[in-house]
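Participant: One predicted model, sequence on top.
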Amino acid sequence: MGYGKTTLPHCLSPRAPCLAPAVSRMEQLIERYLNDLRIEGGLAVNTLQAYRRDLHKLQRYLKLQDIDDPARATRQTLSGFLGHLKRANLSAASSARCLAALRGFYRFLRRERLADEDPLLTVARPRLWLKLPRTMTQREVGRLLDLPVGPEPEAVRDAAMVELLYATGLRVSELVNLEFAQLNLSVGYVLATGKGAKQRVVPLGDVARRKVQRYLETARPRLAKGRECPNVFVTRRRKKLTRQGFWKILKARARQAGISKRISPHMLRHSFATHLLEHGADLRSVQAMLGHARISTTQIYTHVERERLKRLHTQFFPRKHRRTKAVP
């Protein structure tokens, strides 16, 4: 049986270039906006990823409305989108972040003269309820940090990471991305790079310094195996840990310490701030160490400050409440 001539699809023909699928105008504008934020705004990678997800939600919604150009969206269109998010049971915090992404996107379109008007100028922000931070008690933190450390290099690394996280109040992304240039053990501080590429100096305690020093001297050489890597904390693959990887490590250590509540790396950050305030630190100092741009963000911990002031007032106020005998 003979073989006939095979006809190739056009894009597979050696004479015809294979064309990539056309990118929509909305997709192009989203990428231009995010690149602008990355270069000019210096936003963190996690924030950029969240904004991309939010803008893709808008893109899908506009497609259902037969709108391919975001400049054609009206105030009513975007109000409908926000209502769609509310009906989808999106939390108030997620809705607020989505609205922030949209506001920035339309400001960018106006600045680049890609849209005639900003349809979000008169759209109100969703009201956020104040949520108190979930924290660990000092006893729980002690049990977590005082776990016996085995001889494995991973065990030494994990103990150093958890101690450092609590001692500095770093975000988990700041911890796993920490590089040698940001760490000064001789003086005792970490130069953390937070949101918006803003840097802050956070002091280290002696216990954290000793654990990190032990890790660098005994465990990291066995993990890195001579390969150059700028990150302080690495795996056996000689790569930095991921946020998800450290989260698993922390949960496993919590179970080992007999802590039943669900904990997260951010809970240690909350605990760092709360315990500092409980022991007399002022709010401005805590703000600087946490890297909050506004004091209003740090004021979520003022419930701790109020409780401390009440205890001080009860302890030291000279005219304490006394029971008096009734006058006959």
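Facilitator: In hand now; what should we look at? Residues are numbered from 1 along each chain as shown.
Participant: just how off-centre is the helix or strand hosting Arg139 within its chain?
Facilitator: Assigned by DSSP states H and E, Arg139 falls within helix 138-145. Distance, stretch centre to chain centre, for helix 138-145: 23 Å (CA atoms, centre = their mean, to the nearest Å).
Participant: Quick one: mean pLDDT over that helix.
Facilitator: Mean pLDDT, helix 138-145: 94.
Participant: contacting residues around that helix?
Facilitator: Outside helix 138-145, the residues within contact range by CB atoms under 8 Å, 6 or more residues apart in numbering are 136, 159, 162-163, 166, 207, 253-254, 257-259, 261, 263, 268, 271, 275. Bear in mind the C-beta positions are built from the backbone N, C-alpha and C, glycine included.
Participant: ok, and for that helix, which residues are buried?
Facilitator: 140-141, 143-145 (16 or more other CB atoms under 10 Å).
Participant: And for stretch 186-202?
Facilitator: Buried positions in stretch 186-202, judged by neighbour count with 16+ other CB under 10 Å: 189-190, 192-195, 200, 202.
Participant: Straight-line length of that stretch, end to end?
Facilitator: Terminal residues of stretch 186-202 are spaced 14 Å apart (CA to CA, to the nearest Å).
Participant: which other residues reach it?
Facilitator: By CB under 8 Å, 6+ apart, stretch 186-202 touches 41-44, 47, 164, 168-171, 174, 177-178, 181-184, 203-206, 209, 288-289, 291, 293.
Participant: Same question for stretch 148-161.
Facilitator: Residues external to stretch 148-161 that are found in contact with it (CB under 8 Å, 6+ apart): 145, 147, 175, 208, 211-212, 214-215, 218-220, 222-223, 233-234, 236, 241, 246, 249, 253.
Participant: Are any of those residues buried, and if so which?
Facilitator: Buried members of the contacts of stretch 148-161, counted by 16+ other CB under 10 Å: 145, 147, 175, 208, 211-212, 214-215, 219-220, 223, 233-234, 241, 246, 249, 253.
Participant: Give the pairing partners of the helix or strand hosting Val201; include direction for each.
Facilitator: Using DSSP H and E, Val201 falls within strand 199-203. Using DSSP bridges, strand 199-203 pairs in its sheet with strand 189-193 (antiparallel).
Participant: Could you list the low-pLDDT ranges of this structure?
Facilitator: 1-22, 41-42, 124-132, 303-309, 320-328 (pLDDT under 70).
Participant: Could you list the domains of the protein?
Facilitator: As assigned by automatic domain parsing, the chain contains the domains 25-111, 138-313.
Participant: can I get those in a markdown table with distance to Leu121?
Facilitator: Shown next, in a markdown table, are these (distance: least, CB to CB, whole Å):
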| stretch | distance to Leu121 |
| --- | --- |
| domain 25-111 | 8 |
| domain 138-313 | 23 |
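Participant: Of all those, which one is nearest Glu117?
Facilitator: domain 25-111 (7.3 Å; CB to CB).
Participant: re earlier: of the contacts of helix 138-145, which pair is most distant in space?
Facilitator: Within the contacts of helix 138-145, two members stand farthest from each other by CB to CB: Val207 and Lys261, at 23.4 Å.
Participant: More neighbours: which of those two?
Facilitator: The neighbour count for Val207 versus Lys261, taken as other CB atoms under 10 Å, is higher for Val207 (14 against 10).
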